[in-house]
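**Q** model this:
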Amino acid sequence: MTDLWEAQREALGAFIREQRLRADMSLRQLAGVTRLSNAYLSQIERGLHEPSVRVLKAISDALNLSAETLLAQAGLIEAITGSDRDGKPAGSKPVALATEEAIRGDERLSDDQKAALIAVYRSMLGGLPAKSAN
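**A** This is a model prediction of the structure:
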């Protein structure tokens with residue numbers, strides 16, 4: 001379970017970094033807008049710290065993302081509601097989850113590459129409806 005949470009933090013951090021760069025913001029600029037320290041934001045982006053919902057909200061506001069998008073990336077939407085974004089029970093395994101598991105299991109990729117690939121994959125899925133693998 002620890003590996004899953006670690007991978008989730010890394011994927012969230014990579015997603016936040018990707019969105020910050022897309023917004024053409026430096027870490028310092030994001031820190032100024034969110035009123036968080038550069039060091040703390042850097043730890044979040046590197047997957048070393050799990051941010052609170054309040055911090056995720058501040059980051060989503062600063063990056064013009066919906067809070068739901070960031071909460072879903074953090075895995076909190078499913079954890080809070082007990083269901084995925086389509087309202088299916090959390091126990092059903094969407095195709096996206098199976099794909100992410102395949103990425104995590106690929107020994108040819110470094111941990112950083114896995115986190116970045118998962119973040120990009122999730123951002124591309126965005127508003128697409130999830131399909132169940134079952």
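**Q** For the rest of this, base every contact and every neighbour count on C-alpha atoms.
**A** Will do.
**Q** Check which helices and strands the longest helix along the chain sits against.
**A** Criterion DSSP state H: the longest helix present in the chain is helix 2-22. Secondary structure elements in contact with helix 2-22, counted by 3 or more Cα pairs under 8 Å, 6 or more residues apart in numbering; DSSP states H and E, are helix 38-45, helix 67-73, helix 111-125.
**Q** Show the subsequent helix or strand relative to it.
**A** helix 27-34 (DSSP states H and E).
**Q** OK, contacts around D112?
**A** D112 makes contacts with E10, as judged by Cα atoms under 8 Å, 6 or more residues apart in numbering.
**Q** contact partners of stretch 23-36?
**A** 20, 37-38, 41-42, 58-59, 62-63.
**Q** hang on, the earlier thing: tell me which of the helices and strands packed on helix 2-22 sits nearest to T99.
**A** Of all these, it is helix 111-125 that lies closest to T99, at 8.8 Å by Cα to Cα.
**Q** so how far is the closest one from its chain's centroid?
**A** When distances are taken as Cα atoms, centre = their mean, to the nearest Å, helix 111-125 is centred 9 Å away from the chain's centroid.
**Q** Flag every buried residue along it.
**A** 111, 114-120, 122 (16 or more other Cα atoms under 10 Å).
**Q** Return that helix as PDB; C-alpha atoms alone will do.
**A** Only the C-alpha atoms of helix 111-125 are listed here, as PDB (Å, rounded to 0.1, in the frame of the first residue of the first chain):
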ATOM      1  CA  ASP A 111      10.100   6.100 -11.000                       C
ATOM      2  CA  ASP A 112      10.200   9.700 -12.300                       C
ATOM      3  CA  GLN A 113       9.300   8.500 -15.800                       C
ATOM      4  CA  LYS A 114       6.400   6.400 -14.400                       C
ATOM      5  CA  ALA A 115       5.000   9.400 -12.400                       C
ATOM      6  CA  ALA A 116       5.300  11.700 -15.400                       C
ATOM      7  CA  LEU A 117       3.700   9.200 -17.800                       C
ATOM      8  CA  ILE A 118       0.800   8.600 -15.400                       C
ATOM      9  CA  ALA A 119       0.300  12.400 -15.000                       C
ATOM     10  CA  VAL A 120       0.200  12.900 -18.700                       C
ATOM     11  CA  TYR A 121      -2.100   9.900 -19.300                       C
ATOM     12  CA  ARG A 122      -4.500  11.300 -16.700                       C
ATOM     13  CA  SER A 123      -4.500  14.800 -18.100                       C
ATOM     14  CA  MET A 124      -5.200  13.400 -21.500                       C
ATOM     15  CA  LEU A 125      -8.200  11.400 -20.200                       C
END
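**Q** All good on my end, thank you.
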